[in-house]
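Engineer: Sequence first, then the predicted structure:
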Amino acid sequence: MKYLFFAFPLMLCCACGSDLSDSWVEHDLMAQNLAIRVQGPDSVQIKANDLSGISRDVSLRNTEVGYYLQIFSSLASTSDLARLKSEQLELVRENPFFERVIQEDPQGFIFESRIDTVQHYGFRYVHYKGDREFIFQNGMGHIFDLQEVERMYEAVKQ
């Protein structure tokens with residue numbers, strides 16, 4: 001009985017442990033020519049690239065804590081968010097490793113892919129501001145679990 005007295009608070013503490021995203025900070029990306037803000041770990045590497053002068057690719061990365069975000073910004077092809085999201089969903093579904101959509105919202109979705117027996121997750125979130133469209137997604141080349149993707153997805157909501 002006395003072991004249960006000590007074990008219960010320990011189990012409760014572990015079950016209610018704070019989420020890593022609780023300690024995330026806001027990153028203002030104006031220095032990268034993006035008029036947006038996202039949440040993320042305090043220590044991230046930020047890299048920005050112009051793609052053919054048409055669009056901008058900004059990545060925030062700290063894979064030690066399961067965070068790698070890519071943001072693509074370009075002149076908006078439309079102000080119809082439903083259409084932008086639909087285009088992204090179609091692109092993801094065309095991937096031969098696509099399995100299913102886990103969660104879908106008006107501006108984005110979380111999905112599962114599977115290569116052989118390895119499950120991994122990703123997301124897309126679209127945002128329109130001024131004359132720019134922003135496509136947020138998990139960084140490529142890293143396998144994320146569902147919890148990591150859910151945290152990043154929540155961190156980019158505008």
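Structural biologist: Nice, thanks for sending it over. Residues are numbered from 1 along each chain as shown.
Engineer: use CA for all of it now, contacts and neighbours both
Structural biologist: Will do.
Engineer: Name the surrounding residues that touch the longest strand seen in the chain.
Structural biologist: When the chain is parsed with DSSP state E, its longest strand is strand 118-129. Outside of strand 118-129, the residues within contact range by Cα atoms under 8 Å, 6 or more residues apart in numbering are 76, 79, 81, 84-85, 88-89, 107-114, 133-138, 143-146, 149, 153, 156-158.
Engineer: same deal with stretch 130-137?
Structural biologist: Stretch 130-137 is contacted by residues 69-77, 122-128, 156 when judged by Cα under 8 Å, 6+ apart.
Engineer: Buried residues, that stretch. List them.
Structural biologist: Neighbour counts using 16 or more other Cα atoms under 10 Å place 132, 133, 134, 135, 136, 137 of stretch 130-137 among the buried residues.
Engineer: before we move on, what about stretch 80-99?
Structural biologist: Of the residues in stretch 80-99, those buried (16+ other Cα under 10 Å) are 81, 84, 85, 86, 88, 89, 92, 93, 98, 99.
Engineer: Among those residues, name the ones in helices.
Structural biologist: Among these, the residues falling in helices (DSSP state H) are 81, 84, 85, 86, 88, 89, 92, 93.
Engineer: next helix or strand past the worst-scoring helix or strand of the chain on mean pLDDT?
Structural biologist: Within the chain, no helix or strand scores below helix 2-15, which has a mean of 43 by mean pLDDT, DSSP states H and E. The C-terminal neighbour of helix 2-15 among helices and strands, as given by DSSP states H and E, is strand 25-28.
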